[in-house]
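Asks: A structural model of the following input is requested.
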Amino acid sequence: MAVQRWEAILGRPAPPPTSPGLTGTQRLAPAFVEWLMSLPEGWVTGIDLPRNAQLRLLGNGVVTLQAACALTYLLGTVQQLRQSPPEPEQPAVTVEVPDELPAINDQAAALLLRMLIEHRPNLTDGEPFG
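Replies: Purely as a prediction, here's the structure:
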């Protein structure tokens, strides 16, 4: 059920989760991991690398939708701190919030935000985990 739902969200079918190894035993397929992470097809598997290297890259990679969710949550927290700082009588942690957030001009950040908007529109309405 979860695989079918993720196929519908991504708009592409799931690759086989396993592939035969050298001895014929089934083992995890890098293309399936790439798909689970919602990376474009061939993002890692299209590079001429051994299977173990592909899995290492994927295992050390960032799931962009999770990163976008975290980024949205953190930016929302910064906005809340700007709008309503803690009351003086309450013990509070001192958080320095810059007057202006740095412009998001980094290509990776732009990709994260685009994926956030395209794949999880309900995260952009101010309720990042709702």
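Asks: mean confidence score for the lengthiest helix in the chain?
Replies: The single longest helix within the chain, with elements called by DSSP state H, is helix 64-83. Taken as a whole, helix 64-83 carries a mean pLDDT of 80.
Asks: give the buried residues for that helix.
Replies: 64-65, 67-69, 71-72 (16 or more other Cβ atoms under 10 Å). For the C-beta atoms, the positions are set from N, CA and C on the backbone; glycine is no exception.
Asks: alpha carbons of that helix, as CSV, please.
Replies: The C-alpha trace of helix 64-83 is given here as CSV (Å, rounded to 0.1, in the frame of the first residue of the first chain):
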residue,chain,number,x,y,z
THR,A,64,15.2,16.3,0.2
LEU,A,65,11.6,16.3,1.4
GLN,A,66,12.7,15.8,5.0
ALA,A,67,15.2,18.6,4.6
ALA,A,68,12.5,20.9,3.1
CYS,A,69,10.2,20.1,6.0
ALA,A,70,12.9,20.9,8.5
LEU,A,71,13.8,24.1,6.7
THR,A,72,10.1,25.2,6.6
TYR,A,73,9.7,24.4,10.3
LEU,A,74,12.9,26.4,11.2
LEU,A,75,12.0,29.4,9.1
GLY,A,76,8.5,29.4,10.7
THR,A,77,10.1,29.4,14.1
VAL,A,78,12.3,32.3,13.2
GLN,A,79,9.2,34.2,12.0
GLN,A,80,7.4,33.5,15.3
LEU,A,81,10.4,34.7,17.3
ARG,A,82,10.4,37.9,15.3
GLN,A,83,6.7,38.5,15.7
